[in-house]
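What would the 3D arrangement of this be:
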Amino acid sequence: MHILLTNDDGYFAPGLQTLYTTLAEAGYDVFIVAPDSQKSATGHSITLFEPLFITKHSLDRGTGYAVSGKPADCVKLAIQGSIIPKPDLVISGINNGPNLGTDVFYSGTVSAAMEGVLLGVPAIAVSLASFSAVDYKPAAQFVALSLPKLRLGPGLININIPPLPEKEWKGVRVTKLGKAVYENVFEHRQAPYGRDYYWQAGTVSPEVDQETDLYAVQEGYVSITPMHSDLTDYIKLKELRQSLSLENPNK
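Numbering: from 1, shown residues only. Okay, here's the model as predicted:
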């Protein structure tokens, strides 16, 4: 299996490098195409009207590329630019920090995986729900061991690992996306030359819906959430069709 490995933390991020080594040791053909610098919270943005520069790096079992663009750029370039063999799977991560609930809409990690889905390649996004993680090996091993069981199809699987030692994980839950509700704080500050600016910070409220990814990780479980690219509201679609049909009987 050819695996395209990417992320939003940058080419040399320990989460990505640990996952590369673990997957390669498990016998997979792994190619890295990742941003050349930190690109967290860039969502599904892509680079237009400027070039994408790439830097080639030697790997133990092949070649990797650091790209000047966004995470989604990396996946587009890898697949449509044919700089690596066509992948059978895209894996984005391991991210430093969680990607849970509605945060997936801001996440460069999840968006890179979703770009693979849009280009017809199954994808996995992997995040370790800790911003101070130093050991990504248990999370990487979980991914490697889970690949044969995940029944990969045309969609995306979002995996979040709890911020606990592996022996303290309570298990695995298959979940739905929660809703990350932040108590945002915008601190008003002033730059040295007098210009006003705002610094955004905040904390997320505890999750109470036990079927969500947020609750699972909050309680110490690995969360696995299947996702797809279709954002259509099918209930509203049906309602609108019926409503417009009644209002415009000749159309």
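
So for stretch 33-46, mean pLDDT?
The pLDDT scores in stretch 33-46 average 97.

Only the buried residues of that stretch, if you could.
For stretch 33-46, the neighbour count (16 or more other C-beta atoms under 10 Å) marks 33-36, 39-40, 42-44, 46 as buried. (Glycine included, C-beta is placed from N, CA and C.)

Show the end-to-end separation of it, please.
15 Å (C-alpha to C-alpha, to the nearest Å).

residues in contact with that stretch?
The contact list for stretch 33-46 (C-beta atoms under 8 Å, 6 or more residues apart in numbering) reads 4-11, 13, 16, 53, 55, 64-78, 83-84, 97, 105-109, 111, 114-115.

ok, now with 6 Å
6-8, 10-11, 65-68, 70-74, 78, 106, 108, 111 (C-beta atoms under 6 Å, 6 or more residues apart in numbering).

now swap in stretch 165-179 and tell me
101-102, 138, 207, 211-214, 216, 220-225.

so which one among those residues has the lowest pLDDT?
For the contacts of stretch 165-179, the pLDDT minimum is residue 207, 82.

Next, give phi and psi for it.
Torsion angles at residue 207 (phi, psi; degrees, to the nearest 10) stand at phi -90, psi 140.

Would you confirm that it contacts residue 217?
No: using C-beta atoms under 6 Å, residue 207 makes no contact with residue 217, being 8.8 Å away.

between the two, who's got more neighbours?
Between residue 207 and residue 217, counting by other C-beta atoms under 10 Å, residue 217 is the more crowded of the two (25 against 21).

which secondary structure element contains that one?
According to DSSP states H and E, residue 217 maps onto helix 213-218.

Quick one: list the elements packing against that helix.
If contacts are counted by 3 or more C-beta pairs under 6 Å, 6 or more residues apart in numbering; DSSP states H and E, helix 213-218 sits against strand 222-227.

State the next helix or strand along the chain beyond the strand it packs on.
helix 234-247.

could you give the mean pLDDT of that next one?
pLDDT averaged over helix 234-247 gives 87.

from now on call the first residue 587
Happy to do that; since the first residue is 587 now, the last one works out to helix 820-833.

by contact count, what packs against the strand or helix carrying residue 659?
Using DSSP H and E, residue 659 sits in helix 657-666. Secondary structure elements in contact with helix 657-666, counted by 3+ C-beta pairs under 6 Å, 6+ apart, are strand 588-592, strand 615-621, helix 694-704.

Start from the N-terminal end of the stretch 587-736 of the chain and give the strands.
588-592, 615-621, 640-645, 648-653, 675-682, 709-714 (DSSP state E, counting those that start in this stretch).

What pLDDT is listed against the closest residue to residue 726 other than its chain neighbours?
Once flanking residues are discounted, residue 726 sits nearest to residue 608: 3.8 Å by C-beta to C-beta, 6 or more residues apart in numbering. Turning to residue 608, the model gives it a pLDDT of 98.

what's residue 608 in contact with, if anything?
Contacts of residue 608 (C-beta under 6 Å, 6+ apart): 726-727, 730.

Which of these fall in helices?
Taking DSSP state H as the definition of helices, the contacts of residue 608 contribute 726-727, 730.

Turn these into JSON lines, columns for pLDDT.
Formatted as JSON lines, the ones in helices among the contacts of residue 608 follow (pLDDT from 0 to 100):
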{"residue": "726", "pLDDT": "98"}
{"residue": "727", "pLDDT": "98"}
{"residue": "730", "pLDDT": "98"}
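
any idea which of those residues has the most stuff around it?
Result: residue 726 is most packed of the ones in helices among the contacts of residue 608 (other C-beta under 10 Å), 26 neighbours.

how close does it get to residue 741?
22 Å (C-beta to C-beta, to the nearest Å).

got any ranges where the chain has weak pLDDT?
By pLDDT under 70, the low-scoring segments of the chain are 832-837.
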